[in-house]
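Visitor: quick one, structure for this:
(2 chains)
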Amino acid sequence: MQLKLGQINITDIQFGSETKVEKGVLYVNKEQVLAAVADERLTNISLELAKPGESVRILPVKDVIEPRLKIEGNGGVFPGFINKVDMVGSGTTLVLRGAAVVTTGSIVGFQEGIIDMSGPGADYSPFSKLNNLVIVCEAPEGLSQHEHEAAVRMVGYKAAACLAEAAAEAKVDSWEEYRHLNLYEGMKKYPELPRVAYVYMLQTQGLLHDTYVYGVDAKKILPTLMSPTEMMDGAIVSGNCVSACDKNTTYHHLNNPIIKDLYERHGKDLNFVGVIITNENVTLADKQRSSNFTAKLADMLGLDGAIVSQEGFGNPDTDLIMNCTKLEKLGIKTVIVTDEYAGRDGASQSLADADPLADATVTGGNANEVITLPAMDKVIGNTKSADIIAGGFDGSLAKDGSITVEIQAITGATNELGFNTLTTREI
Amino acid sequence: MSKFRVVHYINQYFGQIGGEEKANIPPSCKEGPVGPGMAFKAALGEEAEIVATIICGDSWFAENIDEAKATVVKMIAQHKPDLVITGPAFNAGRYGTACGAVAEAVSQELNVPVISGMYPENPGAEMFRRFALIVETGDNAAAMRKAVPAMGKLALKVLHGEPLGTPKEEGYISRGIRQNYFAEERGSKRSVNMLVAKLNGEEYHTEYPMPHFDRVEPNPAVADITKAKIALVTSGGIVPKGNPDHIESSSASKYGKYDIEGVTDLTPDTHQTAHGGYDPVYANKDADRVLPVDVLRELEKEGKIGSLHRYYYATVGNGTAVANAKRYAEEIAAELKSDGVDAVILTST
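Guide: Residues are numbered from 1 along each chain as shown, chains lettered A, B, ... in the order given. Presented below is the predicted three-dimensional model:
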């Protein structure tokens, strides 16, 4: 499998009469986008822009999606949602790099996260650095939360697909190329290199905690094998935003940094044989079955090493440790990527589960750290959410419009794909 | 600008009242610096001064811990300190525990920062590291010359509200607090680097050491104790008179294996303790109190146990690192097994 990614650098976003890219500016035709995303389940959909450096706060954020367009090869982006369930991951895909669609809407009581386009909060979210088209979705009273969630999720994918059409006529600034050999070819080509896979844990705990693979709710999958290039075409999408700091948005899935960084060492220090996706269901039997299958697949691939990334915290800590210990017991050298809930003072035990075999851990930071986000000139979404978002607390929202919250409330702050530089040390 | 106010807590020995015989004195307060406080005067310079020194006997503190804490905190509070220094206690266990307990009470009740100094293996460091910046010192008072300037420097940094570096940078014992910071490289890159190092057998540093407790499942009961060969192993430091292997009185770097063939009773002429962490008088008078050879010989004679193993093993458990203790245990256990020992009585102090 071979995928070429054509990067079109977007440095600004503006509304215009036509959706197009010109000299790095993404022009958005409002009517065109609104027509593309229309959903009879929602009462009102409106569009806003949020750019880096602006005094703008977005909350509560549901998903962030990077516009991509498949121009050559099998299938189309977001298979199972926007396109048919053809296999993706080969051919040519264009990327509007630096732009994103952000969806927001109050779906359940506890929902989040926050993206600040400037100020101290902007250091914690990768999306503060993007040129965002923000879609505010309102639902009629009585619409079930599941319907509401599904509608808002689709709005995001549709809007991203609509913007991505503009890529077709745009000039590509740079190319990236990713190649994935089948097992036999890979072994023949790199017989001396250690065989490494990426174990990609997907959050699957129910409403606002779900992830989809080719349109399938990942709660219902058994762990399976994928090519790393499939993610780059949107084979995995997010339905997931509660405790936003360590949930993978669709943007994260499209730009999984572990996949990128493994590719960088591929053929030099290791042979990157593929991705095992697994889930994080809530029952013990599910956890045991999925970790057993993960270990079995790893064994069948004859792995020497693996990186396991977690999504979320608490209950999934058990899945993480099960995956890690079962791999280590097979002699597969394993590194896990997680984040911490060490309390606001940093003095508590960070994970809900632990094992001495988990001796190589990368952390995305302590999500309980408290931060005060100053008032912004403009708030897109619903400020009142500040008191009831995860990481917020009674009185989080001050009279002056500032918000005091744990960084848990900031979208992507302690991401467990290692997307950020934030980490933790012991003092 | 007026000088920062510092109160200093020390024990009877450093308070120049007396040694072990004065360890039972209750807390008292003196104006200005005393003993090591004079050295701190130089380290703190013009910016801060020790306004009072609280002196308490180590035994009195240990035996009256609640009253001791309350009294000491009250004395400290009366002097309205900006910062409290305790110790340094080096590797003195009771003194370190007192320094730590004072730090806990002061930081919790008065919300005043505390600087202390201890040898990393001092039990007070592990117990109370969260409540003070404990500067890592040598294991005895000879390290005072190094400890005081380091503690003074850290004290001034805290008093000035300067940002604190890592334990390694600043020389204090980690408080076990997780602090966020932005690293040079993103997490994914760090994870791939870590994996490559792990695959190649190279050194790497986990970013979150897993909390680990070495839990040992008890073996099933000995089936027939009247047939069992029983060995004695102690961390109470019982050694043949003269301590032939020179086992250290604290942080032991070795253990000894001693023949007790034909020995029915340990006497002041034959055995003593090498342990420096408890009152040795009673153990030296009758070492059977720590290593019950006499009782086991009787049981052996009565046929209540099979036999007492010919050798016993001894080390000093005072401040000994867990890693060392584990290594001794592994070696001793292997020998006991190959000698056909069925059961072991472990005694401490």
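
Visitor: can you give me the helices in chain A?
Guide: A:30-37, A:145-164, A:183-189, A:228-232, A:250-254, A:257-265, A:284-300, A:315-329 (DSSP state H).

Visitor: ok, chain B next?
Guide: Using DSSP H, helices in chain B cover B:36-44, B:58-63, B:65-78, B:93-105, B:123-128, B:144-159, B:167-170, B:187-199, B:281-285, B:293-301, B:322-338.

Visitor: how close does B:Leu195 sit to B:Glu202?
Guide: Noted for B:Leu195: a distance of 11 Å to B:Glu202, by CB to CB, to the nearest Å. In this view, the C-beta of every residue, glycine as well, is placed from N, C-alpha and C.

Visitor: try B:Lys3
Guide: According to CB to CB, B:Lys3 and B:Glu202 sit 51 Å apart.

Visitor: higher neighbour count, these two?
Guide: More neighbours surround B:Lys3 than the other of B:Lys3 and B:Glu202, with 14 against 9 (other CB atoms under 10 Å in any protein chain shown).

Visitor: residue contacts, the residue in the stretch 101-250 of chain A that chain B sits nearest to?
Guide: Taking CB to the nearest CB as the measure, the point where the stretch 101-250 of chain A comes nearest chain B is A:Pro194, at 4.7 Å. A:Pro194 makes contacts with A:Asp269, A:Leu270, A:Asn271, A:Asp304, A:Gly305, B:Leu199, as judged by CB atoms under 8 Å, 6 or more residues apart in numbering or on different chains.

Visitor: make it 6 Å
Guide: Residues near A:Pro194 by CB atoms under 6 Å, 6 or more residues apart in numbering or on different chains: A:Leu270, A:Asp304, A:Gly305, B:Leu199.

Visitor: which of the residues you listed sit farthest apart?
Guide: A:Leu270 and A:Asp304 (8.1 Å; CB to CB).

Visitor: any low-confidence regions in chain B?
Guide: Scanning chain B for pLDDT under 70 picks out B:1, B:212-215, B:250-251, B:277, B:318-323.

Visitor: which residues of it lie near chain A?
Guide: B:174, B:177-180, B:182-183, B:186-192, B:194-196, B:198-199, B:206-208, B:210-212 (CB under 6 Å from any CB of the partner chain).

Visitor: quick one: buried ones out of those residues?
Guide: B:174, B:177-180, B:183, B:186-192, B:194-196, B:198-199, B:206-208, B:210 (16 or more other CB atoms under 10 Å in any protein chain shown).

Visitor: got the CA coordinates for stretch B:303-319 in PDB?
Guide: What follows is stretch B:303-319, C-alpha atoms only, in PDB (Å, rounded to 0.1, in the frame of the first residue of the first chain):
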ATOM      1  CA  GLY B 303      11.500 -32.900  69.800                       C
ATOM      2  CA  LYS B 304       9.100 -30.100  69.100                       C
ATOM      3  CA  ILE B 305      11.100 -29.100  66.000                       C
ATOM      4  CA  GLY B 306      13.200 -31.300  63.900                       C
ATOM      5  CA  SER B 307      16.500 -29.400  64.200                       C
ATOM      6  CA  LEU B 308      18.100 -26.000  64.300                       C
ATOM      7  CA  HIS B 309      20.100 -25.200  61.200                       C
ATOM      8  CA  ARG B 310      23.900 -25.100  61.800                       C
ATOM      9  CA  TYR B 311      24.300 -21.500  60.500                       C
ATOM     10  CA  TYR B 312      22.400 -18.300  61.100                       C
ATOM     11  CA  TYR B 313      22.500 -15.200  58.900                       C
ATOM     12  CA  ALA B 314      22.600 -11.700  60.200                       C
ATOM     13  CA  THR B 315      22.600  -8.200  58.800                       C
ATOM     14  CA  VAL B 316      21.700  -4.700  60.000                       C
ATOM     15  CA  GLY B 317      18.300  -3.500  58.900                       C
ATOM     16  CA  ASN B 318      19.000   0.100  59.900                       C
ATOM     17  CA  GLY B 319      18.600   2.400  56.900                       C
END
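
Visitor: in it, which residues are buried?
Guide: Buried, per 16+ other CB under 10 Å, within stretch B:303-319: B:305-306, B:308-309, B:311-319.

Visitor: quick check: the residue of chain A nearest chain B.
Guide: For chain A, CB to the nearest CB, closest residue to chain B: A:Gly418, 2.6 Å.

Visitor: my read: that residue touches B:Lys189, true?
Guide: No. With contacts counted by CB atoms under 6 Å, A:Gly418 stays clear of B:Lys189, the gap being 7.0 Å.
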